[in-house]
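Peer 1: Quick one, structure for this:
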Amino acid sequence: MRSNESRDLNFAANLKWLFSDLPLDARFAAAADHGFRGVEYPTPYERSVSEFASLLSASDLKLVLINTPAYGSAEKLVTGIACDPARRVEYRSDVERGLEYATGLGVDLLHVVGGPVPHGVSNDRAWNEYVLNIAWAAEMANGTGVTLLIEPQNEFDSPGFVLRTQSQAVALLEAIGSERVKLLFDVFHVQMQEGNVTTKLLECAPHIGHVQIADSPNRTEPGVGELAWGHLFRQLAGIGYRGWIGCEYHPTTVQGSSIEWLRKVGASQC
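Peer 2: Sure thing, here's the model as predicted:
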């Protein structure tokens, strides 16, 4: 879905968050029916590559992003293990699996989830492990056509997360120096952790490989929180961003109504 053809801002529905009242198979058709041309689905590993390919083909949708596998209890995912020295072998297997799904499904972006600093591991040791593991993943991605993403997450929603700020992420990207790794700029996480979203966006522009959006402070759809979305969309267009914008939020109304912001906030103000 586009907010404005001349601006080339393309919105993808995150099917973990949007249309979640429907069975997974029905979410693809619902997204297409509401005008989306792209979708994100962070954990496709519950189905085979061929099953997911059939769902995408039937709805004429592009899957634009997946994550590496998530971990945790049934009640709460702890997300990734990229900074856990004790789980390096498992992490590498997960990256290989993620690349297998990404290449098999024609997905351009694989988010390598950092995860929380493990209990009993120092921040320095976890950080060094994280840098080592991202550099290794970048080598694995060479020749696949897949871009890896790293994402800082805020301390309120992701306590103990290894990567918190955009400046940390940029420093890591510059240290690795690989075109196969980019920044996932999540507007919600930036606002909750650091504020100054516009300033951070402009500073990080050369490194951004993907954008995700939700309004703060409650991670809802744009237009029901505190951010000025028309301004932010103009800034995205101004830096020449032409990638997908993932809609990753808790709808405050029934699913169909929750995307009216695309016309009210996006199209009218962008």
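Peer 1: Could you pull out the helices in the chain for me?
Peer 2: With helices called from DSSP state H, the chain shows them at 24-33, 49-59, 88-105, 123-141, 166-176, 187-193, 197-204, 229-238, 255-258, 261, 268-269.
Peer 1: List the contacts of the longest one.
Peer 2: With C-beta atoms under 8 Å, 6 or more residues apart in numbering as the contact definition, helix 123-141 has outside contacts at 82-85, 88, 91-92, 95-96, 99, 110, 112, 114, 117-118, 147-148, 150, 162-163, 172, 175-176, 178, 180-181. To be clear about C-beta, it is placed using only N, CA and C from the backbone, and glycine gets the same treatment.
Peer 1: Could I have the buried ones of these as PyMOL selection syntax?
Peer 2: Per 16 or more other C-beta atoms under 10 Å, the buried members of these correspond to this PyMOL selection:
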select buried, resi 82+83+84+85+91+95+99+110+112+114+117+118+147+148+150+162+163+172+176+178+180+181
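Peer 1: give me the low-pLDDT residue ranges for the stretch 1-150 of the chain?
Peer 2: The stretch 1-150 of the chain contains residues with pLDDT under 70 at 1-8, 72-78.
Peer 1: if we can go back for a sec, who wins for proximity to F156 among the helices of the chain?
Peer 2: With respect to F156, and counting by C-beta to C-beta, the nearest of the helices of the chain is helix 187-193 at 5.9 Å.
Peer 1: Restricting the selection to alpha carbons, write that closest one to CSV.
Peer 2: What follows is helix 187-193, C-alpha atoms only, in CSV (Å, rounded to 0.1, in the frame of the first residue of the first chain):
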residue,chain,number,x,y,z
VAL,A,187,10.2,4.7,15.0
PHE,A,188,8.5,3.4,18.1
HIS,A,189,11.6,2.1,19.7
VAL,A,190,13.5,5.2,18.8
GLN,A,191,10.9,7.5,20.4
MET,A,192,10.6,5.4,23.5
GLN,A,193,14.4,5.0,24.1
